[in-house]
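Enquirer: model this:
(chains A and B)
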Amino acid sequence: MTRPFETLSLTVNDTPVTLPVNPAMRLTQVLRDDLRLTGTKVGCDAGDCGACTVLLDGAPICACLTPVAKAAGRQVTTVEGLDMAALQQAFLRHGAAQCGICTPGMLMAATALLQAHPTPTRAQTEAALGGVLCRCTGYAKIIDAVMDVHPAPAPDLPGAGAAVGAAIERLDGVAKVDGSERFGADYTPENTLLVRAIRAPDAPMRFSFGDIARWQVSQPGPLHIFIAADIPGDNRFGVIPAFADQPALAEKHVRLRGEPVALIAGEPGLIEVLELEDFPVSWQPSPKAPVHENRPDDILITGRVMRGDAKAALARSAFLAEAEITTPYIEHAYIEPEAGVAWMEGKTLVIQACTQAPMLDRDDTARILGLPPERVRIIPSATGGGFGSKLDVSLQPLIGLVALKTGRPARMVYSRRISMAITTKRHPASMTARIGADAKGRITAMMFDGDFNTGAYASWGPTVAGRVPVHASGPYFTPHYLAEARAMHSFGPVSGAFRGFGVPQAAIIQECLYDDLAMSIGIDRLKFRQINALNDNQPTVCGQKLQGVGIGACLEALESPWHEALARAKAANSGNGPVRHGVGIASCWYGCGNTALPNPSTIRLGITPEGVLCLHQGATDIGQGSNTVITQICADALGLPLDQFTLIGPDTFLTPDCGKTSASRQTFVTGKAAFLAGKALRETILGLSNMGPDAALSLAHGTLSVSDGTGQRRIDLGEIAPDENGYALAAEETYDPPTKPLDENGQGAPYAVYGYGAQIAEVTVDMALGTVRASHITAAHDLGRVINPLLAEGQIEGGIAQGLGMALMEEFIPGRTENLHDYLIPTTGDMPRITSILLEVADPEGPMGAKGLGEHVLIPTAPAILSAIRHASNARITQLPALPHRVLAAIREAQE
Amino acid sequence: MGCYHRPGTIDEALEVLADTRVTIAAGCTDLLAATDRPVLSGPVLDITGIPALKGIETGPTHIRINAATTWADVIRADLPAGFDMLKQAAAEVGSVQIQTTATIAGNICNASPAADGVPCLLALGAEVEMASLRGRRCLPLDRFITGVRQTALAPDEMVTAILIPKGASAGQSCFLKLGARKYLVISIAMVAARLVVEEGVIQHAALAVGACSAVATRLPRLEAALKGQPIMTGAGLITRALVADDLNPIGDIRADAAYRHHAAVELLRRALSELATDARGQAA
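Expert: This next block holds a predicted model:
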């Protein structure tokens, strides 16, 4: 019939439901809000990411693009309907879920595939999953899982003392594959207000409000409206307190397109459809410069490292190479847009939102809202990818303000467009560099100069300006060195932290020049890097003498793969045709933790009188695996098996500060705190039982047993008076990496631990179209000690995917690519085969020798791919990304 | 909030159209992607509940693709080799999820310069059947799409079918799409090519290029130049001069205009080579 209908019946996971619903409502909204099936995720509302994939009569669809009317009378299947099938078990077994936000969509797309093809080929699998974007995994483990579906019980966890080194499934994995994981947008308490913001249409602009009260009463329902004047505290935030400069709500002037100036809160049904275009605010363009009056020439900060006399050394070098390279803004493109909810518990403001840094959120929010920090409790939701951008607060102070002022829970969910427009980006870099070498191929000197566009506010600009000069040499011995990096303001998107803090950009120009020099001198490109690889006790460009330097081992491990790849390319190039094969190589090093600044982590471990072993683990696991890795380290330090651990946190009321999930520091810093806490508790237990260091512990039924070759002692936990945290036995340990401040020439010891890696890229270049396809990447990474090989491979594969995107397709253009169809990230069909080689050159400082890995893995990929493009085609790319038209232009330039 | 009409017959739909200004919704993959809101702005006429608008039918003179036919339906349909290019395009529209719901009629009504289906339909000589209470009419596709996101559809009209004349589906065909990634990608350039070859000689060439002009376009000069030429050397006859005047590409974030010109020529050569290889395979 043609009349509009008011109730609608459909079957969801075999259960018939009849709902009063607007037939034009997105199916995602109906599933999540009306049926509370929040396993179906919303990543873009545009069919670009596939996170909302459900089955409609067995066929995969994007629920976000489906008006619920189209599901009337039909069968909808969501992740909640999968019932922990063999497919979900395969995902766990293979480590196919990292953050888990794309997992429901992947599972549903795979379910449809497996119904048609129970044993699919790789090509069928790639095509079936091509419509679901994943930003964490690089797809390899997802594809492996889908091609390896068979019923298998979860393998037993390793016993006491055998956790470190075991390729165990992630300990927090089940919720990621059964749809129950609670991300920022997945929890809505009763009586929650929905919050939207009025945002600047352009920047810089001044603004003034009209008659807000009149607008307010003319709306179809009651609204709460807040502006900057309603903020009770200090209206500015920033990850580095000394540079905090960003208002939660702009006061008179906006520096950033999309900056919020007012908040509108009310009943969700009203707020969702409210027209905000006629909100009474008038905008006037304001002068372009400077971005901040107290920062002349728009220079936020300059970082500098100088050693020896680089200029003179370059002048007398036998070989010299120089380049100028630009890279664009790059978007993190996690599949979960920012979301969260705030509510009051008595006088305490509680915020549950996606984040990488609960303590920073607490302190920034408390300052803005004029609350003592202990009255703000941050309970991180699961975080659907972060990669650095969720270190900065986003909506926390905004929903906090509304909850504080109204006393009602307040919720905010960024649209994809808002998330992309206003959250941080990778710094666009404009770099020049010169490197010299002697006739034997030894590096003589390097000069580097870079402008890094940090956008409208400081965010992590100072960190990028600091890290780049320290790392721009690469993991190579460079006796004379001068590097300067400036964080420069603009009225553009804020650049912050993104996996590598500027180092991936710098590595591109350095590795390009290494290829230049190797070719000029006539030395094999791998050999050239081996000649210059940093060794133990050789000073870095900061004058730091390191132990456990692993770059030599990484390059050595690549020798055979390198020669095999070169031979493959040579053979493939013997024929005609427009496609040429090439092989490239690049390295990385990366200091773990804050640059010459304190960044402690504290771990608490306790056993209750009932015998429950609790690990207070405050490091946010955004998919990288710290819940698992830190527990593995702690388990072996303590000597009890993994399956006895209960994980608590993160929660700023329950977990001591483990710092932020950034700078590849959690395995190293929090891992070391967990190691120390485990050892301390073990020593307490051994002391109580008078047993030697090799005694074995066991915990059962409230009794702790300690035994060695000679006998057994029992500790009845119920008889020990519990401490203030309720533990019969407990330990709390803090670890802060030993570093030495950098002097005015950047000399010092900026990091206690570095990690190393090198990657070989094999690509094909279509010489007539300029298109590039990476076919294989061999990645050798030195982890010091491999805590969990399965998770380590996942990090490598995911980092390579982001590096590949950076090399070939990713370019964020403000106002133009604020969606996931104009801003491209790799799909299943774009990824090469990846071979991971995990090396262990123990670090004397890291826990059990371990080093960080999370950011390292991305750094060599783009320069290795560019190196391979050049090997295939002679095209030397100096503007990223290497889009087909740029590659073709560079090919022609090389031919002239 | 507007009404949501979901009629069961074409006549009912036409009555709604005659009464009200509505947004015609089929796959909704463009409509819902274009809004941040949780609902499709109304009033809406959802034509996917009309059985008569589904599926592909072979009639005496035409092959009829009804308006609510999805890309997945096209992929599954048993069609002559002249439609291979349309099937290849169907498999490259968005993702499997999009192909399940998005319709071919929606693709032409959305009138994006980068619509994957349009070059193929042009090379199949497609006609667009429209209906209103005033009656039915047909327009060739190149007159139906009048500009970027513009069509000849009157406010009270809807597309009921795309008609392919049987003669225009003869021969072999192929579709090539160029984008900066494999799946879910908007084309930089694409070509559809259909050739009728007899004894190694091109009797008829239907060639179209998309994403290189405001509306995808046939290439009459090149088609004429190829007619009567041996298929084996056809690709070599394609020159920029024969193509350039029919294209008017823009430069955007995906590629610059000069590259699009170049890529269109290269893709046409490859399409011809591919068809030549197929022809040789069949001859052998």
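Enquirer: so which residue is smack in the middle of chain A?
Expert: Within chain A, the residue whose C-alpha comes closest to the C-alpha centroid is A:Phe387; the distance, by C-alpha atoms, centre = their mean, is 1.9 Å.
Enquirer: for chain A, what's the nearest residue on chain B?
Expert: Among the residues of chain B, B:Ser95 lies closest to chain A, at 2.2 Å counting by C-beta to the nearest C-beta. C-beta: built from backbone N, CA, C; applies to glycine.
Enquirer: tell me, how many residues neighbour that residue?
Expert: The local packing of B:Ser95 (other C-beta atoms under 10 Å in any protein chain shown) involves 29 other residues.
Enquirer: what of the one 3 residues further on?
Expert: Close neighbours of B:Ile98, defined as other C-beta under 10 Å, add up to 26.
Enquirer: quick one, phi psi at it?
Expert: Dihedral pair for B:Ile98: phi -70, psi -40, per degrees, to the nearest 10.
Enquirer: please apply the same query to the one 4 residues further on.
Expert: Comment: the main-chain dihedrals of B:Ala102 come out as phi -70, psi 140, following degrees, to the nearest 10.
Enquirer: swap in the one 10 residues further on?
Expert: Backbone torsions of B:Ser112, given as degrees, to the nearest 10, read phi -80, psi 140.
Enquirer: roughly how far does it sit from B:Ala90?
Expert: Shown here: B:Ser112 relative to B:Ala90, a distance of 16 Å by C-beta to C-beta, to the nearest Å.
Enquirer: in chain B, spot the helix with the most residues.
Expert: The helix of greatest length in chain B, counted in residues with DSSP state H as the criterion, is given as helix B:257-283.
Enquirer: what residues sit buried inside it?
Expert: Of the residues in helix B:257-283, those with enough neighbours to count as buried (16 or more other C-beta atoms under 10 Å in any protein chain shown) are B:259-276, B:278-279.
Enquirer: considering only those, which also neighbour chain A?
Expert: Residues shared between the buried residues of helix B:257-283 and the neighbourhood of chain A are B:259, B:262-263, B:266-267 [C-beta under 8 Å from any C-beta of the partner chain].
Enquirer: which of these sit farthest apart?
Expert: Greatest spatial distance among those (C-beta to C-beta): B:Tyr259 and B:Leu267, at 11.8 Å.
Enquirer: where are the low-confidence patches of the stretch 101-250 of chain B?
Expert: In the predicted model, the stretch 101-250 of chain B carries no residue with pLDDT under 70.
Enquirer: from the chain's centroid, how far away is stretch A:11-23?
Expert: Relative to the chain's own centre, stretch A:11-23 is displaced by 37 Å; criterion: C-alpha atoms, centre = their mean, to the nearest Å.
Enquirer: CA atoms of that stretch as CSV?
Expert: Extracted C-alpha coordinates of stretch A:11-23, given in CSV (Å, rounded to 0.1, in the frame of the first residue of the first chain):
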residue,chain,number,x,y,z
THR,A,11,13.0,-11.1,12.0
VAL,A,12,16.3,-10.4,13.7
ASN,A,13,18.6,-13.3,14.5
ASP,A,14,15.6,-15.6,14.2
THR,A,15,13.5,-13.6,16.5
PRO,A,16,10.4,-11.8,15.1
VAL,A,17,10.2,-8.2,16.2
THR,A,18,7.5,-5.6,15.6
LEU,A,19,8.5,-2.0,16.2
PRO,A,20,6.9,1.4,16.0
VAL,A,21,9.5,3.0,13.8
ASN,A,22,10.1,5.6,11.1
PRO,A,23,10.4,3.4,8.0
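Enquirer: buried residues in that stretch?
Expert: Applying a neighbour-count criterion of 16+ other C-beta under 10 Å, the buried positions in stretch A:11-23 are A:12-13, A:19, A:21-23.
Enquirer: ok, residues contacting that stretch?
Expert: Residues outside stretch A:11-23 that contact it (C-beta atoms under 8 Å, 6 or more residues apart in numbering or on different chains): A:4-10, A:30-31, A:34-35, A:37, A:67-69, A:72, A:74-78, A:80-81, B:1, B:4, B:6, B:39, B:46.
Enquirer: same check, this time on stretch A:272-289
Expert: The set of residues external to stretch A:272-289 that reach it, using C-beta under 8 Å, 6+ apart, is A:194, A:196, A:198, A:200-202, A:204-212, A:214-215, A:219, A:223, A:253, A:261-262, A:264, A:266, A:298, A:491, B:1, B:37-39.
Enquirer: filter those to the buried ones?
Expert: With neighbours counted by 16+ other C-beta under 10 Å, the contacts of stretch A:272-289 contain buried members at A:194, A:196, A:198, A:200, A:204-205, A:207, A:209, A:212, A:215, A:219, A:223, A:253, A:261-262, A:264, A:266, A:298, A:491, B:37-39.
Enquirer: mind listing the helices for chain B?
Expert: According to DSSP H, chain B carries its helices in the segments B:10-19, B:71-76, B:84-90, B:96-101, B:104-110, B:117-123, B:141-144, B:220-226, B:240-244, B:257-283.
Enquirer: and what of the stretch 151-300 of chain A?
Expert: Assignment of helices within the stretch 151-300 of chain A using DSSP state H, counting those that start in this stretch yields the ranges A:174-177, A:212-217, A:268-273.
Enquirer: go through the ones you listed and pick out the most buried.
Expert: Sort the helices of the stretch 151-300 of chain A by mean neighbour count, taking mean count of other C-beta atoms under 10 Å in any protein chain shown, and helix A:174-177 sits at the top with a mean of 21.
Enquirer: which secondary structure elements does that one sit against?
Expert: Counting by 3 or more C-beta pairs under 8 Å, 6 or more residues apart in numbering or on different chains; DSSP states H and E, the packing neighbours recorded for helix A:174-177 are helix A:86-94, helix A:103-116.
Enquirer: rebuild the buried residues of stretch A:11-23 as CSV, extending it with distance to A:Glu190 and secondary structure.
Expert: Written out in CSV, the entries for the buried residues of stretch A:11-23 read as follows (distance: C-beta to C-beta, whole Å; DSSP: H, G, I helix; E, B strand; the rest coil):
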residue, distance to A:Glu190, secondary structure
A:Val12, 23, strand
A:Asn13, 24, coil
A:Leu19, 19, strand
A:Val21, 20, coil
A:Asn22, 22, coil
A:Pro23, 26, coil
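Enquirer: quick check: the farthest pair among the residues you listed?
Expert: Considering C-beta to C-beta, no two members of the buried residues of stretch A:11-23 lie farther apart than A:Asn13 and A:Asn22, which are separated by 22.0 Å.
Enquirer: kindly report the residues of the stretch 101-250 of chain B close to chain A.
Expert: Along the stretch 101-250 of chain B, the residues adjacent to chain A under the rule C-beta under 8 Å from any C-beta are B:101, B:178, B:180-186, B:188.
Enquirer: please convert those to JSON lines, extending it with neighbour count and distance to A:Ala637.
Expert: What follows is those, written out as JSON lines (neighbours: other C-beta atoms under 10 Å in any protein chain shown; distance: C-beta to C-beta, whole Å):
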{"residue": "B:Thr101", "neighbour count": "25", "distance to A:Ala637": "53"}
{"residue": "B:Leu178", "neighbour count": "25", "distance to A:Ala637": "55"}
{"residue": "B:Ala180", "neighbour count": "24", "distance to A:Ala637": "48"}
{"residue": "B:Arg181", "neighbour count": "18", "distance to A:Ala637": "45"}
{"residue": "B:Lys182", "neighbour count": "17", "distance to A:Ala637": "45"}
{"residue": "B:Tyr183", "neighbour count": "23", "distance to A:Ala637": "45"}
{"residue": "B:Leu184", "neighbour count": "27", "distance to A:Ala637": "45"}
{"residue": "B:Val185", "neighbour count": "23", "distance to A:Ala637": "48"}
{"residue": "B:Ile186", "neighbour count": "21", "distance to A:Ala637": "52"}
{"residue": "B:Ile188", "neighbour count": "26", "distance to A:Ala637": "55"}
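Enquirer: residues touching A:Ala262, list them.
Expert: Taking C-beta under 8 Å, 6+ apart, we find A:Ala262 in contact with A:197-198, A:209, A:212, A:225-227, A:249, A:279, A:281.
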